[in-house]
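Participant: got a predicted model here, sequence first, then my questions.
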Amino acid sequence: MRTVYLDNNATTMVAPEVVEAMMPYFGQLYGNPSSAHLFGGQVHRLMEAAREKVAAFFGAQPNDILFTSCGTESDNTAVRAALQSQPEKRHIVTTRVEHPAILSLCQHLEKKEGCSVTYLAVDSQGRLDLDQLKESLTDQTAIVSIMWANNETGVVFPIQEIAELVKSRGITFHTDGVQAVGKIPMDLSRTGVDMVSLSGHKLHAPKGIGVLYIRKGTKFAPFIRGGHQERGRRAGTENVPYIIGLGKAIELAEAKLEEENTRVKALRDRLEKGLLASIPRSYVNGVEAERLPNTLSISFEYIEGEAILLKMSALGIAASSGSACTSGSLEPSHVLRSMGVPFTCAHGTVRFSLSVYNTQEDVDYVLEHLPMIVASLREISPYWEEGMAAAG
Amino acid sequence: MWEYSERTKEHFEHPRNVGEIADASAVGETGSITCGDALKLSLKIEDGIIVDAKFKTFGCASAIASSSALTEIIKGMTVEEAEKLTNHDIVDYLGGMPKEKIHCSVMGAEALEAALRNYRGLPPIEQEEGGELVCECFGVTDRQIIKAIRENGLTTVEEVTGATKAGGGCEKCHEDIEALIKKVLAEAEAKPIPKKLTNIQKIKLIEETLEKEIRPSLKSDGGDIELVDVEGSKVMVALRGMCTTCAASEATLKEYVQTILREKVTSDLEVEEVKE
């Protein structure tokens, strides 16, 4: 059976070039970069070369790049660093649509560690109200953490504008850039962002490697203590093969950024237009907002997402859903609910996320099969006929 | 991804009895689009026997499979037999269900209950028995939660959420659910421990359990069971009907018949088949 992988916001295929670049580090190049001998030292040099590549991609300095184990660790490190280094400040500003890496951390800090948190609302298109952001900032605010792009809808926030606003008040600004990296330009030399989280496995590097960009001069305290690695900001022997792999993946991402915004975007648009045209009562979430070029969040009224996913999965199509039943939680996605997506739609939402490895055949395969899947589930649904009758 | 049984997958892929019966004798509805799943069940009942059942379901794979299974189980049953059906029967029929998905089978049992009340001309159960709203997110009452705790032997809030959805939203009602669990557990403990049964009492109780609990369920699959003799803790039975040719009869005896007898009579019973 063919596999049509359209779940790249969940994770991506490791690029063959990345695997190849990593292999020697599982073999003869096993030295510890901290060692005094040449055997370890050569590994150190190659690891630093990877750091330079990552830094260059973001218009940053190598010293600004901290390697972590994943995006979630980067997010936790950033928020905790801001709180620890400014113990007198106990207020956090974030949004209702963040990834759980930030959202549940903030809820924990609120419940268990005496912080107060402002969760900014979004409009029906998933956009922020910058006036509300401005009003939320106080002298007590330790950090503002707002994602660069949303993982479910692909809606992109105006990070540069937000950074200017937050920095004008002298407040630390962190952004979860996990979904944005490799998909849209992220020149950090032109923004006032203090910290950015990244995750390797979203851009064709393996799972288990992340980055926290920390602008020079940002107030910081380490999350993991121990050795002197990463200039004392994250203890623990560096994950050398994965750092090398990430360096390679960043190099590829840089080369493919244009393709992502032309060919991949055209594929996404083809999928979007095709589904809207062939499936009645379907709606694109965040359609009026600026979106990532690879993401499509689409709702099909009166049916449930897990059922759609399983039927697609049986045909080899991999996507994900904003539905409750998929995840084990009982409520539909917090992102869709924050946008006020009606319940008739929220449960029946599917997210397609493409990558440079997708082809037009992939998209056409979905266009060929999904209309029938939706129709078969609507036939079973008690609301479909009712809904259609009510609509006249 | 959920680990669904083969039978659940099969019923999801090829649901039986989809639709609505135009001249239905009874209709039962449960769930809502807000909650994420809903089931509309229609029944055709002739001379007290359910001769046809159809469903329409909005929900995930296990909700669709549960509805399909429900209609298959109840077709051919008498109304009285159908009234005894619980969500367990649906779960068993499908060969098990992830614990987070048990509420799908509960939805099936509730729709059936609603349809049978409708058939008997009774008002919806919530109207008659009331019950206080515990979970505002999913509109679940204390009556529903207590029923689920009793019937499924639930002991944690997480299990209650899996079975009824209660507590799966804002989580404000977790303390109330905890209190309901304690209440039901306390009731169960308060029941006097049965005295040692005399032989006659034991045989009577075995007969009664077979009659009320076990035979209806085997009959619905075209089988039957007969008590041959009781010797100490050994219960000798003979299988009849479809059970005699069923490859799973050994499992039925040990995992189903023996489990129920141990629960209802004494915990040391051993069920053995007598082949004639």
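Facilitator: That came in fine, so what should we check first? All values derive from a computational prediction rather than experimental measurement. Residues are numbered from 1 along each chain as shown, chains lettered A, B, ... in the order given.
Participant: contact partners for residue A:270?
Facilitator: Shown in contact with residue A:270 (CB atoms under 8 Å, 6 or more residues apart in numbering or on different chains): A:360, A:363, A:367. (Glycine included, C-beta is placed from N, CA and C.)
Participant: switch to 6 Å and redo it
Facilitator: Residues counted as contacts of residue A:270 (CB atoms under 6 Å, 6 or more residues apart in numbering or on different chains) are residue A:363.
Participant: let me see the mean pLDDT of the helix or strand where it lies.
Facilitator: Using DSSP states H and E, residue A:270 sits within helix A:265-278. The average pLDDT for helix A:265-278 rounds to 98.
Participant: helices or strands up against whatever helix or strand comes next after it?
Facilitator: As assigned by DSSP H and E, the chain's next helix or strand after helix A:265-278 is strand A:282-284. In terms of contacts (3 or more CB pairs under 6 Å, 6 or more residues apart in numbering or on different chains; DSSP states H and E), strand A:282-284 is packed against strand A:295-300.
Participant: which other helices and strands does the next helix or strand after the strand it packs on contact?
Facilitator: Downstream of strand A:295-300, the next assigned helix or strand under DSSP H and E is helix A:305-314. Helices and strands touching helix A:305-314, as assessed by 3+ CB pairs under 6 Å, 6+ apart, comprise helix B:61-74.
Participant: just the mean pLDDT for the helix it packs on, thanks.
Facilitator: So the average pLDDT for helix B:61-74 ends up being 96.
Participant: how about it and chain A, touching?
Facilitator: Yes. Using CB under 6 Å from any CB of the partner chain, helix B:61-74 reaches chain A at residue B:61.
Participant: by contact count, what packs against that helix?
Facilitator: Using 3+ CB pairs under 6 Å, 6+ apart, the elements in contact with helix B:61-74 are helix A:305-314, helix B:6-13, strand B:49-58, helix B:87-93, helix B:102-119.
Participant: of all the ones you listed, which one is nearest residue A:372?
Facilitator: Proximity to residue A:372 (CB to CB) singles out helix A:305-314 among the helices and strands packed on helix B:61-74, at 9.0 Å.
Participant: pLDDT below threshold where in the stretch 1-150 of chain B?
Facilitator: Within the stretch 1-150 of chain B, the stretches with pLDDT under 70 are B:1, B:127-130.
Participant: just the helices from the chain, written as ranges.
Facilitator: Since you didn't name a chain, this refers to chain A. Secondary structure of chain A (DSSP state H): helices located at A:16-22, A:38-57, A:71-85, A:100-112, A:130-136, A:159-167, A:240-259, A:265-278, A:305-314, A:324-327, A:334-338, A:343-346, A:360-380, A:382-391.
Participant: sorry, I should have been clearer: chain B.
Facilitator: Using DSSP H, helices in chain B cover B:6-13, B:61-74, B:79-83, B:87-93, B:102-119, B:125-129, B:142-152, B:157-164, B:174-190, B:199-209, B:215-220, B:249-251, B:258-264.
Participant: distance between the fourth one and the chain's centre?
Facilitator: Its chain's average C-alpha position is 5 Å from that of helix B:87-93, according to CA atoms, centre = their mean, to the nearest Å.
Participant: can I get it in CSV, CA atoms only?
Facilitator: These are the backbone C-alpha positions of helix B:87-93, laid out as CSV (Å, rounded to 0.1, in the frame of the first residue of the first chain):
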residue,chain,number,x,y,z
ASN,B,87,-22.6,-1.5,28.2
HIS,B,88,-20.6,-4.6,29.1
ASP,B,89,-22.5,-6.6,26.6
ILE,B,90,-21.4,-4.3,23.8
VAL,B,91,-17.8,-4.2,25.0
ASP,B,92,-17.7,-8.0,25.2
TYR,B,93,-19.4,-8.4,21.8
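Participant: for residue B:260, see how far away the residue nearest to the spatial centre of chain B is.
Facilitator: For chain B, the residue nearest the mean C-alpha position is residue B:86 (2.1 Å; CA atoms, centre = their mean). Using CB to CB, to the nearest Å, residue B:86 is found at 13 Å from residue B:260.
Participant: quick one, phi/psi of the residue nearest to the centre of chain B?
Facilitator: The phi/psi pair for residue B:86 (degrees, to the nearest 10) reads phi -120, psi 170.
Participant: got a list of what it touches?
Facilitator: Residue B:86 sits next to B:109, B:151 when contact means CB under 6 Å, 6+ apart.
Participant: residue A:125 now?
Facilitator: The neighbourhood of residue A:125, defined by CB under 6 Å, 6+ apart, consists of A:286, A:288, A:289.
Participant: out of these, who has the most neighbours?
Facilitator: Of all the contacts of residue A:125, the highest neighbour tally under other CB atoms under 10 Å in any protein chain shown goes to residue A:286, namely 27 neighbours.
Participant: isn't it right next to residue A:151, touching?
Facilitator: No. Residue A:286 is not in contact with residue A:151 according to CB atoms under 6 Å; the separation is 12.0 Å.
Participant: joint contacts of the two?
Facilitator: The contact lists of residue A:286 and residue A:151 share no entry, where a contact means CB under 6 Å, 6+ apart.
Participant: nearest to chain B: which residue in the stretch 151-300 of chain A?
Facilitator: Using CB to the nearest CB, the single residue of the stretch 151-300 of chain A nearest to chain B is residue A:300, 11.7 Å away.
Participant: contact partners for residue 8?
Facilitator: Using chain A. A:353, A:355.
Participant: hmm, no, I was thinking of chain B.
Facilitator: Counting by CB under 6 Å, 6+ apart, residue B:8 touches B:62, B:65, B:94.
Participant: any idea how far the last one lies from chain A?
Facilitator: Using CB to the nearest CB, to the nearest Å, residue B:94 is found at 15 Å from chain A.
Participant: thought that residue was touching residue B:67?
Facilitator: No. Using CB under 6 Å as the test, residue B:94 is too far from residue B:67 to be in contact (10.9 Å).
Participant: these two: which has the busier surroundings?
Facilitator: residue B:67 (33 against 26).
Participant: ok, that one - contacts?
Facilitator: Residue B:67 is in contact with B:39, B:55, B:57, B:108, counting by CB under 6 Å, 6+ apart.
Participant: rerun that using 10 Å as the cut-off
Facilitator: Shown in contact with residue B:67 (CB atoms under 10 Å, 6 or more residues apart in numbering or on different chains): A:380, B:11-12, B:15-18, B:37, B:39-41, B:53-57, B:59, B:90, B:104-105, B:107-108, B:111.
Participant: how many neighbouring residues does the residue lying closest to residue A:297 once chain neighbours are set aside have?
Facilitator: Nearest residue to residue A:297 in three dimensions, chain neighbours excluded: residue A:285, at 4.1 Å (CB to CB, 6 or more residues apart in numbering or on different chains). For residue A:285, the count of nearby residues is 29 (other CB under 10 Å).
Participant: could you check the pLDDT of residue A:285?
Facilitator: What the model reports for residue A:285 is a pLDDT of 97.
Participant: mind giving me JSON lines with the contacts of residue B:8 and columns for distance to residue B:141?
Facilitator: Formatted as JSON lines, the contacts of residue B:8 follow (distance: CB to CB, whole Å):
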{"residue": "B:62", "distance to residue B:141": "23"}
{"residue": "B:65", "distance to residue B:141": "26"}
{"residue": "B:94", "distance to residue B:141": "26"}
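Participant: in contact with residue B:39, which residues?
Facilitator: A:382, B:28-31, B:55-59, B:63-64, B:66-67, B:70, B:104, B:107-108, B:110-112, B:114.
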